[in-house]
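> no FASTA, just this:
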């Protein structure tokens, strides 16, 4: 068929299936795998587990492709940990001491729903500041929803 890299092609097809797994949570395929492999968490937080099938291992490999190529949609920032989630293209560089419990919502001015420039300039190095400030925030997000 002329595929140059069969493994990459296979991984891209698996990533498409994993994407469906993330978004089509009402399918029978999703429900069966959820009950077997990740009953108490989401697909994105699932672990390999005990005695996984070949398909499950493949889906987790594809999930890694999705994670690497995805970018967070910030919304109101309540569910994104500054240090615990990959929401920027590079690792954050703090000017001072890292703040482990810091959430992205803490970097947003709750009155204007804009980035809190002063706080961002106080916490982060120049390149990370510019990357954060270049992320558009949605103006029509209700508090508590994303």
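Thanks, I have it. These figures come from a predicted structure and were not determined experimentally.
> quick one: the helices in the chain, in order.
Residue ranges of the helices in the chain, as given by DSSP state H, are 6-23, 28-37, 54-69, 117-123, 126-133.
> now the angle from the third one to helix 28-37?
I take that to be helix 54-69. Using axes from the mean of the first three to the mean of the last three CA atoms, to 10 degrees, the inter-axis angle of helix 54-69 relative to helix 28-37 is 100 degrees.
> buried sites along helix 54-69?
Neighbour counts using 16 or more other CB atoms under 10 Å place 56, 58, 59, 60, 62, 63, 65, 66 of helix 54-69 among the buried residues. Any C-beta I mention is one placed from the backbone N, CA and C, and that applies to glycine too.
> how near is the nearest residue to residue 100 once chain neighbours are set aside to residue 94?
In space, residue 100 comes closest to residue 83 once its chain neighbours are excluded; the distance is 6.1 Å by CB to CB, 6 or more residues apart in numbering. When CB to CB, to the nearest Å is the yardstick, residue 83 and residue 94 sit 9 Å from each other.
> then residue 110?
From residue 110 to residue 94 the distance is 22 Å (CB to CB).
> who has more neighbours, the two?
When residue 110 is set against residue 94 and neighbours are counted by other CB atoms under 10 Å, the residue ahead is residue 94, at 15 against 11.
> in this structure that one contacts residue 129, no?
No: using CB atoms under 8 Å, residue 94 and residue 129 do not qualify as a contacting pair, with a distance of 11.1 Å.
> per the record, what domains does this structure have?
Domain assignment for the chain, taken from automatic domain parsing, gives 6-69, 71-139.
> re earlier: now the buried residues of helix 54-69 as TSV including distance to residue 40 and pLDDT?
Conversion of the buried residues of helix 54-69 to TSV gives the following (distance: CB to CB, whole Å; pLDDT from 0 to 100):
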residue	distance to residue 40	pLDDT
56	16	95
58	22	94
59	18	94
60	17	93
62	22	92
63	17	91
65	24	87
66	21	87
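> adding distance to residue 124, write those out as CSV.
Conversion of the buried residues of helix 54-69 to CSV gives the following (distance: CB to CB, whole Å):
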residue, distance to residue 124
56, 38
58, 38
59, 35
60, 32
62, 32
63, 29
65, 28
66, 27
